[in-house]
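Chemist: mind folding the following:
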Amino acid sequence: MATLSRSEVEHVAHLARLGLTEAELGRLEGELNHILDQYAVLAQLDTEAIPPTAQTIELENILRDDTARPSLPVEAVLRNAPDSRDGFIVVPAILEGTGRSPG
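Modeler: Modelled structure (predicted):
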């Protein structure tokens with residue numbers, strides 16, 4: 001498998017907007033080439049009998065059932081809001097130029 005040259009590592013670091021020192025570039029070059037070497041070893045394995053959706057651990061749904069139940073009364077919710085008007089929570093405008101709150 002091909003290895004990455006120092007200039008290729010510098011190019012990748014530039015694309016990622018990483019300001020690396022010479023020492024860091026040298027270490028990164030070694031680490032990236034080690035990753036490529038390990039990938040080459042893995043690429044030699046026969047994976048034909050392994051389904052593409054195989055998992056190394058069993059997946060289990062840990063979410064509770066989504067059941068409808070009563071919610072808080074509007075009055076209770078509005079009591080917790082810093083500002084409300086006509087049954088709605090008033091929040092500061094987030095878009096430039098609107099200059100007003102919804103409502």
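
Chemist: drop to CA atoms for contacts and neighbour counts, all remaining ones
Modeler: Will do.

Chemist: quick one, strands of the chain?
Modeler: In the chain, the segments counted as strands under DSSP state E are 84-85, 88-89.

Chemist: what pLDDT does the model give the residue nearest in space to the middle of the chain?
Modeler: Closest residue to the average C-alpha location of the chain: Ala16 at 16.2 Å, with CA atoms, centre = their mean. Confidence at Ala16, expressed as pLDDT, is 95.

Chemist: how about Leu42, what does it touch?
Modeler: Leu42 sits next to no residue when contact means CA atoms under 8 Å, 6 or more residues apart in numbering.

Chemist: what distance do you get for Ala81 to Leu72?
Modeler: According to CA to CA, to the nearest Å, Ala81 stands 13 Å off from Leu72.

Chemist: okay, the two: which has more neighbours?
Modeler: When Ala81 and Leu72 are compared for neighbours, Ala81 comes out ahead with 12 against 8, by other CA atoms under 10 Å.
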